[in-house]
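[1] turn this into a model:
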Amino acid sequence: MSNETLLLNALAQASCSGEELRQSLGLVEADFRPAARNLWLDGLIQGQLADGCCSAPCGTMCVSAMKLDRVWQLSKKGRLRLKVLSARSDAS
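    Numbers count the residues shown, from 1 in each chain. The predicted structure follows:
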């Protein structure tokens, strides 16, 4: 399973800060940052309203993008991507 998929699955369970997410997955920063960046670029994760996020998957333009102290959550697109990945794994 890719690091991106691990991040998506973890965020499906609960929203948390980027640092909490990194620690819960046991990833070193060198592995975590590129995976997280890809998810932000694809608009699969976003910040929370409480942190000033507009709740749109605006990628790296999000006020919370790649800020490890901010709370991250799946975007609608991210939830859909997880459903597709799940359906593909069920079909295998």
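[2] which residue ranges of the chain form helices?
    3-13, 18-25, 29-41, 76-91 (DSSP state H).
[3] out of those helices, which is closest to Asp51?
    Among those, the nearest to Asp51 by CB to CB is helix 18-25 (11.2 Å). C-betas here are computed from N, CA, C, even on glycine.
[4] in the closest one, what's buried?
    Within helix 18-25, the residues that count as buried by 16 or more other CB atoms under 10 Å are 18, 20-22.
[5] now those in JSON lines, with distance to Leu41?
    Below are the buried residues of helix 18-25 laid out as JSON lines (distance: CB to CB, whole Å):
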{"residue": "Gly18", "distance to Leu41": "15"}
{"residue": "Glu20", "distance to Leu41": "21"}
{"residue": "Leu21", "distance to Leu41": "17"}
{"residue": "Arg22", "distance to Leu41": "18"}
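[6] with respect to Gly52, which of those residues is nearest?
    Gly18 (15.2 Å).
[7] tell me the contacts of the closest one?
    36, 66-70, 72 (CB atoms under 8 Å, 6 or more residues apart in numbering).
[8] redo that, cut-off 6 Å
    68, 72 (CB atoms under 6 Å, 6 or more residues apart in numbering).
[9] so it versus Leu82, what's the distance?
    18 Å (CB to CB, to the nearest Å).
[10] how about Arg70, nearest residue that isn't a chain neighbour?
    Of all residues not flanking Arg70 in the chain, Ser64 sits nearest, at 3.8 Å (CB to CB, 6 or more residues apart in numbering).
[11] can you tell me which residues contact that neighbour?
    Residues in contact with Ser64 (CB under 6 Å, 6+ apart) are 47, 51, 53, 70.
[12] how about Val63?
    Contacts of Val63 (CB under 6 Å, 6+ apart): 47, 52-53.
[13] swap in Val71?
    Shown in contact with Val71 (CB under 6 Å, 6+ apart): 15, 17, 48, 51.
[14] and with 10 Å instead?
    Val71 makes contacts with 14-18, 20-21, 47-51, 53, 64, as judged by CB atoms under 10 Å, 6 or more residues apart in numbering.
[15] so which of these belong to strands?
    16-17, 47 (DSSP state E).
[16] hang on, the earlier thing: make a markdown table out of the contacts of Val63 and add distance to Met1, pLDDT and neighbour count.
    Formatted as a markdown table, the contacts of Val63 follow (distance: CB to CB, whole Å; pLDDT from 0 to 100; neighbours: other CB atoms under 10 Å):
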| residue | distance to Met1 | pLDDT | neighbour count |
| --- | --- | --- | --- |
| Gly47 | 25 | 94 | 24 |
| Gly52 | 32 | 88 | 11 |
| Cys53 | 27 | 88 | 20 |
